[in-house]
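Participant: dropping a prediction and its sequence here:
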2 protein chains.
Amino acid sequence: MKIKLVLVQLFLGLCFSTFAQQNQAPKSENKANVAEKGLIKVSVLYPYAEGKTFDMDYYEKSHMPYVAGLLGSNLVRYTIEKGISSGIPNSPLPFMAIGSFYVKSLSDYQAAITPNREAIRADFPKYTNISPTILVSEVVK
Amino acid sequence: MKIKLVLVQLFLGLCFSTFAQQNQAPKSENKANVAEKGLIKVSVLYPYAEGKTFDMDYYEKSHMPYVAGLLGSNLVRYTIEKGISSGIPNSPLPFMAIGSFYVKSLSDYQAAITPNREAIRADFPKYTNISPTILVSEVVK
């Protein structure tokens, strides 16, 4: 009788935990999508021009992981995109690449980057001869 | 005795399903993060200059949902960001806003946009006097 009771309790407990997990799943997915709203995005844009070069392999495997590593828990995620075209026929490519850091706090980002600015710049010639444009923006959606 | 056996079976079954769910959870989260890699991103960048205006409210609530609605199932998601600063002291804001569409196919994007190009352009004066820059890129990470 005691064993039955224990099993019934276990059964109900597991039913509840399974139910709770199933209910959580969509919520956490929603959170993942909504989580970016309100974040600060620091984008580093590399404008294209004749004679400009960009080594995406070094950028992806070395430069971006290095800078991302400086940002600690302030960094939510970072993205890399490779420019393909201007979207308008006979119009030059606007940017060869864009790297973006999604962070919680701009002041924490600046506090982490400022003491390393020279080291970050010293890494530039290893993958590009472009002087990048920087945009600080807020994620609206 | 039969009841005990049924309960033991239910217990084991639930243990397994709970275990299976727990094992699935991180995988589906990874999928959500990795899912963007390889997608085409069409970014519409609105460069800042003196005298330029941008109505973010209209852009977010009307223009972007309208264009997104034209893209159908080719659209994975779209984002909106609002330019804050250049990230460099005494340097002008590079862009007032950026709207981006993550799509599976560039040719499907073009097929959806081309017949509506005039209608899309006719909506521009309702929120901005900026002539946007368009970048088609590939999501590397």
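Facilitator: Received the coordinates, thanks.

Participant: ok, the residue nearest to residue A:128 when sequence neighbours are not counted - contacts?
Facilitator: Nearest residue to residue A:128, sequence neighbours excluded (CB to CB, 6 or more residues apart in numbering or on different chains): residue A:54, at 4.7 Å. Every residue, glycine included, has its C-beta placed from N, CA and C. Counting by CB atoms under 8 Å, 6 or more residues apart in numbering or on different chains, residue A:54 makes contact with A:46, A:96-97, A:127-128, A:130.

Participant: most neighbours among the residues you listed, please name it.
Facilitator: residue A:97 (24 neighbours; other CB atoms under 10 Å in any protein chain shown).

Participant: gap between the nearest residue to it once chain neighbours are set aside and residue B:59?
Facilitator: Leaving aside its sequence neighbours, residue A:97 sits nearest to residue A:46 (CB to CB, 6+ apart; 4.7 Å). Relative to residue B:59, residue A:46 is positioned 26 Å away (criterion: CB to CB, to the nearest Å).

Participant: tell me the pLDDT at the residue nearest to residue A:128?
Facilitator: As predicted, residue A:54 sits at a pLDDT of 98.

Participant: right, and residue A:104 touches residue A:42 too?
Facilitator: No - checked against CB atoms under 8 Å, the pair residue A:104 and residue A:42 is beyond contact range at 11.8 Å.

Participant: which one of these two is surrounded by more residues?
Facilitator: residue A:42 (24 against 14).

Participant: now that one: which helix or strand?
Facilitator: Assigned by DSSP states H and E, residue A:42 falls within strand A:40-47.

Participant: contacts for the following helix or strand past that strand next, please.
Facilitator: Following strand A:40-47 in sequence order, the next helix or strand is helix A:56-58 (DSSP H and E). Residues outside helix A:56-58 that contact it (CB under 8 Å, 6+ apart) are A:80, A:82, A:97, A:126-127, B:140.

Participant: narrow these to those in strands?
Facilitator: Among those, the members falling in strands are A:80, A:82, A:97 (criterion: DSSP state E).

Participant: what does the model give the first one for pLDDT?
Facilitator: Put plainly, it is residue A:80. pLDDT, residue A:80: 98.

Participant: ok, it to residue A:138 distance?
Facilitator: Distance from residue A:80 to residue A:138, by CB to CB: 21 Å.

Participant: tell me which of the two has more neighbours.
Facilitator: Neighbour tally, residue A:80 and residue A:138, criterion other CB under 10 Å: the higher count belongs to residue A:80, 20 against 16.

Participant: so what pairs up with that one in the strands?
Facilitator: Counting by DSSP bridges, residue A:80 forms beta bridges with residue A:99.

Participant: so it touches residue A:99, yeah?
Facilitator: Yes - the pair residue A:80 / residue A:99 is scored as a contact, 5.3 Å apart, by CB under 8 Å.

Participant: what residues are shared contacts of those two?
Facilitator: Common neighbours of residue A:80 and residue A:99 (criterion: CB under 8 Å, 6+ apart): A:59, A:64.

Participant: who touches the closest residue to residue A:71 other than its chain neighbours in this structure?
Facilitator: Leaving aside its chain neighbours, residue A:71 sits nearest to residue A:112 (5.3 Å; criterion: CB to CB, 6+ apart). Contact analysis of residue A:112 by CB under 8 Å, 6+ apart lists A:70-72, A:74.
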